[in-house]
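J.: Need coordinates for the below:
(one chain, ligands or ions: 1)
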Amino acid sequence: MKNVRKFCKLFLLLLLATASQISCQTSGSVSALPAGPRAFLLPETLKPGEPYVVAVAGYPNAPVRANLVLNGQKTGSGRFFDLGEKSAAKDSVYCAIMAVPSTSGAGSAVLTIETANGVLTEINVTVEARQFPVETIALTAGMQDILTRPDPQKTREAEQLWAILAKTGSDLYSDGNFIMPVNSTFQTSRFGTRRTYKYPNGRSSTSIHAGVDWRAPTGTPLWACAPGKVVLARQRIVTGNTVIIEHMPGVYSLYYHMNKISVLEGNLVETGSPLGEAGATGFATGAHLHWEIRVAAENTDPASFLNGAVLDKEAILARMNQ
Ligand SMILES: [Zn+2]
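T.: Predicted structure coming up:
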């Protein structure tokens, strides 16, 4: 009996010692998370025409590119950049800002994250369905001419625009928290609208509206929606007087049909910096601002950028350190 009591006492002491060891280990792990690979999307559910951020840390090799494959088809890609922040495990955090094309359907998708040498990891994600408005626009003979007449200058301008929008730099001028670039409350055409153009010659064609049109009489002041660098400020045949600002790697805002431009290519702008005046230059039925946001070359709903930072560092690090 005496032996049994002694054994029980010893067992209890052993149990207490183990418990204190466990509690030491637990309190030690609060200050530094164990290093380990992490990769996720923000937001976790995607929609056509909306941006998302892919965040990666803790892998032995740095991510270079991400590709989204939806229902077996490649549905956009993006390039990674260094966020300039470390996770709690002291790993560099890499991000890619991407967008689901406005033409995308719904379904189950796989996001593949690649290094220079191969696949790093894959994430399963759902793309939800989205309905877009429909409209028919009757064109004047002059508008039909702008749209359909072959012109080498128009081709050069299109190539120049695509070269800009396809470029993913590394400068973070903004966190993706944008403001309205014009004082207007009336949208004359919404993002993603499926358009039919009726020509005076009886023919027709279709197009998808890549931005938002805000009613704005000629002369209405326009300003930068966020900090950035002016990468294009010139007259173009189709879009009239045009300004493009680079805000984040692969993220650009575009302003079309302006009456006057008051910035130069290479200028750095702040949120609210004057860009010029609204007008009806180029392919326009009347004075308005066509405001467009491009993400990894995809046209993206500007409303997504008016509801908070798209590249929310705090949210990314909080999720990374969970
Ligand atoms: Zn427009």
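
J.: Going by C-alpha atoms from here, please, whenever you check contacts or count neighbours.
T.: Will do.

J.: Just the buried positions in the host helix or strand of Leu111, please.
T.: Taking DSSP states H and E as the criterion, Leu111 maps to strand 107-114. Along strand 107-114, these residues count as buried under the neighbour rule (16 or more other CA atoms under 10 Å): Ala109, Val110, Leu111, Thr112, Ile113, Glu114.

J.: got the contact list for the residue nearest to the third one when sequence neighbours are not counted?
T.: Here the nearest residue to Leu111 in space, its sequence neighbours aside, is Leu68; by CA to CA, 6 or more residues apart in numbering that works out to 4.4 Å. With contacts taken as CA atoms under 8 Å, 6 or more residues apart in numbering, Leu68 has the following neighbours: Lys74, Thr75, Gly76, Ser77, Ala109, Val110, Leu111, Thr112.

J.: Spatially, which two of the residues you listed are the most separated?
T.: With distances taken as CA to CA, the most widely separated pair in the contacts of Leu68 is Ser77 and Ala109, at 12.8 Å.

J.: returning to that earlier point: the residue nearest to Leu111 belongs to a strand?
T.: Yes. For Leu68, which was evaluated using DSSP: H, G, I helix; E, B strand; the rest coil, the result is membership in a strand.

J.: I'd like the distance between it and Gly58.
T.: Applying CA to CA, to the nearest Å, the value for Leu68 to Gly58 is 21 Å.

J.: can you list the weak-confidence ranges in the stretch 1-150 of the chain?
T.: Regions of the stretch 1-150 of the chain meeting the criterion pLDDT under 70 cover residues 1-35.

J.: repeat that for 90
T.: Applying pLDDT under 90 to the stretch 1-150 of the chain picks out residues 1-36, 71, 141-149.

J.: Okay, helices next: where are they in it?
T.: For the stretch 1-150 of the chain, applying DSSP state H, counting those that start in this stretch gives helices covering 2-28, 141-148.

J.: how about the last one: buried residues?
T.: What that stands for is helix 141-148. Met143, Gln144, Ile146.

J.: Tell me which helix or strand comes right after it.
T.: Beyond helix 141-148 on the C-terminal side, the first helix or strand identified by DSSP H and E is helix 152-165.

J.: strands paired with the very next helix or strand once past that next one, and their directions?
T.: Elements were assigned by DSSP H and E; along the chain past helix 152-165, the next helix or strand is strand 187-189. With DSSP bridges as the criterion, the sheet partners recorded for strand 187-189 are strand 212-215 (antiparallel).

J.: in the strand it pairs with, what's buried?
T.: Residues of strand 212-215 classed as buried by neighbour count (16+ other CA under 10 Å): Val212, Asp213, Trp214, Arg215.

J.: Closest to the ion out of the buried residues of helix 141-148?
T.: Ranking the buried residues of helix 141-148 by separation from the ion, with CA to the ion as the measure, puts Met143 on top at 13.8 Å.

J.: From what I see, that closest one and Phe283 are in contact.
T.: Yes. Met143 lies in contact with Phe283 (CA atoms under 8 Å); the separation is 6.0 Å.

J.: got the contact list for Gly105?
T.: Taking CA under 8 Å, 6+ apart as the contact definition, Gly105 lies against Pro48, Val127, Glu128, Ala129, Arg130.

J.: and the third one, backbone torsions?
T.: Dihedral angles phi and psi of Glu128 (degrees, to the nearest 10) take the values phi -80, psi 160.

J.: Near it, how many other residues are there?
T.: Other residues within reach of Glu128, judged by other CA atoms under 10 Å, total 14.

J.: Surely it touches Ala106?
T.: Yes. Judged on CA under 8 Å, Glu128 makes contact with Ala106 at a distance of 4.9 Å.

J.: Look up the closest residue to the closest residue to the ion within the chain, ignoring the ones flanking it.
T.: In the chain, the residue found nearest to the ion is His290; the distance is 4.2 Å by CA to the ion. Once flanking residues are discounted, His290 sits nearest to Asp213: 4.5 Å by CA to CA, 6+ apart.

J.: Secondary structure element holding Leu317?
T.: Per DSSP H and E: helix 313-320 holds Leu317.

J.: Same question for Tyr255.
T.: In this assignment (DSSP H and E), Tyr255 forms part of strand 251-258.
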